[in-house]
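J.: predicted coordinates and the sequence they were generated for:
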Amino acid sequence: MTEDTAESGDESLAETFWAVASRLRRQAREALAPWDVTPSQARALGVLGRHGEVRPGTLAEHLRIAPRSATEVVDDLQARGLVERRPDPADRRATLVALTAEGSRISAAIRAARRAEADRFFGHLPDTDRAELTRILRTLRG
């Protein structure tokens, strides 16, 4: 039995993965607390920050959620003044979702907080382990 197996007892790879994922989710929620946004809202702000204004359906695709769920996320963000809906100049029937100035500010702050949290979480790993973990997770993500 290897040292790692002895330390983990009967914990399977999947159980270890889910324990780490759960810890990451908890820390992500804590990191978002200063802005009072949900993880879904933070992800939407991130997509809009990276891609600029998009149609709600495109936002849903990026978030990998149903269009109706994306509409709810946009409604909540719009009510808080973080995004706005605009007519699509290429198609008058369509709408675009865009960050407001406040949404851009909060999106950037969340990105910085998440980056700092990830550095704390993964920082104790040597660079080679971090690179290998990144490679493995990208492979599993598909």
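T.: Great, that's in hand.
J.: most centrally placed residue in this structure?
T.: Centroid-nearest residue in the chain: residue 43, 4.1 Å away (criterion: CA atoms, centre = their mean).
J.: grab the nearest non-local neighbour of it.
T.: residue 63 (5.7 Å; CB to CB, 6 or more residues apart in numbering). The way it works is simple: take the backbone N, C-alpha and C, and place the C-beta from them, glycine included.
J.: residue contacts, the one you found?
T.: The neighbours of residue 63, taking CB atoms under 8 Å, 6 or more residues apart in numbering as the test, are 40, 43-44, 47, 69-70, 73.
J.: which residue ranges of the chain form strands?
T.: 83-88, 91-99 (DSSP state E).
J.: so the longest one versus strand 83-88, what angle?
T.: With axes from the mean of the first three to the mean of the last three CA atoms, to 10 degrees as the basis, strand 91-99 and strand 83-88 are set at 160 degrees to each other.
J.: on contacts alone, who are the packing partners of strand 91-99?
T.: Under the contact criterion of 3 or more CB pairs under 8 Å, 6 or more residues apart in numbering; DSSP states H and E, strand 91-99 touches helix 39-51, helix 56-63, strand 83-88.
J.: for residue 83, give the beta-bridge partners.
T.: residue 99 (DSSP bridges).
J.: isn't it up against residue 104?
T.: No: Residue 83 lies out of contact with residue 104 (CB atoms under 8 Å); the separation is 9.9 Å.
J.: more neighbours, the two?
T.: residue 83 (27 against 16; other CB atoms under 10 Å).
J.: before we move on, back to that, among the helices and strands packed on strand 91-99, which is nearest residue 126?
T.: Minimum separation from residue 126 across those (CB to CB) falls at helix 39-51, 28.0 Å.
J.: give me the below-cutoff pLDDT ranges for the chain.
T.: By pLDDT under 70, the low-scoring segments of the chain are 1-9.
J.: give me the number of residues near residue 92?
T.: So residue 92, with other CB under 10 Å, has 8 neighbours.
J.: if you could redo that for residue 138, that was the one I meant.
T.: If we define neighbours as other CB under 10 Å, then residue 138 has 9 of them.
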